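Asks: Fold the following and give me the result.
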Amino acid sequence: MKDVLFEIKENVPLTKSVYRMTLSGDASEIAAPGQFVNFKLDGLYLRRPVSVYDAEEGSLTVIYKVVGRGTEQMSRMARGENILALTGLGNGYDTAKSGDSPLLIGGGVGVPPLYMLAKKLISEGKKVSVVLGFNGADEVFCEREFSELGCDVAVTTVDGSYGARGFVTDALPDSYSYFYTCGPEPMLKAVYRATKTSGQFSFEERMGCGFGACMCCSCRTVTGYKRICRDGPVLEKEEILWED
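Replies: As a prediction, this is how the structure comes out:
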């Protein structure tokens, strides 16, 4: 991991609260889909962790939701401004166990890290299905981008205003070889109960440092406590112990 000063090339809204920021700079520390970066923002002590949507040579793209002071400050940043990010954080998804027909399940701002994963799986010759879940039509994003990669995409909305009415677990296909998921904890628990195969879960936790020093994002697993920022954010289904 290393700190990198990036230049903002684009920072545009995708919905009323979700933005896509494209950055120019050294993204070489991003080695696996599902990793994240930690942004340093002027006037704020704690950095803001954001998952990586896509990374290529000299370019990094993130998609984030405005939920507080830090992300609101990010939403006001303009093309040409610089932003410092600690890069190469987290373990990311492992595609070695995916089989021939993996399933990707994302909810809300858990959708972005699945895009780079889908790109990698398709480059490995896999047939990828994607289920994306949102509250309503005004929150839907990235459906077209997954379709353009060649994924079979299903969208659900809780209020039924777009796609199928219900939750992501209501739109799971009958057959898939393995699954990958990211989203809010209630969704992850539901996915855990509904899925038929092994899989990998990416957790969204509040983080202080982002590299394992502060221990504030620890969670309990079958082998003891793990730090989501350092040992995760991706954990395998079989090691997860849900807190009551």
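
Asks: From here on, just use CA atoms for contacts and neighbour counts.
Replies: Noted.

Asks: Give me the domain ranges for the protein.
Replies: Residue ranges for the domains of the chain, per automatic domain parsing: 2-89, 102-239.

Asks: Now mean pLDDT too, for those, in CSV please.
Replies: Output for those, formatted as CSV (pLDDT from 0 to 100):
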stretch, mean pLDDT
domain 2-89, 96
domain 102-239, 89
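
Asks: which element is the nearest residue to residue 44 once chain neighbours are set aside on?
Replies: Counting by CA to CA, 6 or more residues apart in numbering, residue 44 lies nearest to residue 70, which is 7.4 Å off, once chain neighbours are set aside. Assigned by DSSP states H and E, residue 70 falls within helix 69-75.

Asks: buried set for that helix?
Replies: 70, 71, 74, 75 (16 or more other CA atoms under 10 Å).

Asks: circling back: mind checking the domains of the chain for the one nearest to residue 96?
Replies: domain 102-239 (9.5 Å; CA to CA).

Asks: From start to finish, how long is the closest one in a straight line?
Replies: End-to-end span of domain 102-239 (CA to CA, to the nearest Å): 20 Å.

Asks: Just give me how far it sits from the chain centre.
Replies: 7 Å (CA atoms, centre = their mean, to the nearest Å).

Asks: Helices of the protein, start to end?
Replies: Remark: helices assigned in the chain by DSSP state H are 69-75, 112-123, 143-149, 185-194.

Asks: name the helices or strands packed onto the second one?
Replies: In this case it means helix 112-123. In terms of contacts (3 or more CA pairs under 8 Å, 6 or more residues apart in numbering; DSSP states H and E), helix 112-123 is packed against strand 48-56, strand 102-107, helix 143-149, strand 178-182.

Asks: now swap in the third one and tell me
Replies: Packed against helix 143-149, as judged by 3+ CA pairs under 8 Å, 6+ apart, are the following elements: helix 112-123, strand 152-157.

Asks: possible to save the helices and strands packed on helix 112-123 as JSON lines with distance to residue 172 and mean neighbour count?
Replies: Listed next are these as JSON lines, based on distance: least, CA to CA, whole Å; neighbours: other CA atoms under 10 Å:
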{"stretch": "strand 48-56", "distance to residue 172": "23", "mean neighbour count": "22"}
{"stretch": "strand 102-107", "distance to residue 172": "9", "mean neighbour count": "25"}
{"stretch": "helix 143-149", "distance to residue 172": "16", "mean neighbour count": "14"}
{"stretch": "strand 178-182", "distance to residue 172": "10", "mean neighbour count": "25"}
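
Asks: Nearest to residue 7, out of those?
Replies: strand 48-56 (14.3 Å).

Asks: For the closest one, enumerate the helices and strands it packs against.
Replies: Under the contact criterion of 3+ CA pairs under 8 Å, 6+ apart, strand 48-56 touches strand 36-40, strand 59-65, helix 112-123.

Asks: Now do the lengthiest strand in the chain against strand 59-65, angle only.
Replies: Using DSSP state E, we find that the single longest strand of the chain is strand 2-13. Calculated by axes from the mean of the first three to the mean of the last three CA atoms, to 10 degrees, strand 2-13 forms an angle of 60 degrees with strand 59-65.

Asks: Could you pull out the buried residues of strand 2-13?
Replies: 3, 4, 5, 6, 7, 8, 9, 10, 11, 12.

Asks: Without its sequence neighbours, what residue ends up closest to the fifth one?
Replies: To tie it back to what came earlier, the one meant is residue 7. For residue 7, ignoring the flanking residues on the chain, the nearest one in space by CA to CA, 6+ apart is residue 82 at 4.5 Å.

Asks: pretty sure the one you found is touching residue 10, no?
Replies: No. Residue 82 is beyond contact range of residue 10, at 11.5 Å (criterion: CA atoms under 8 Å).
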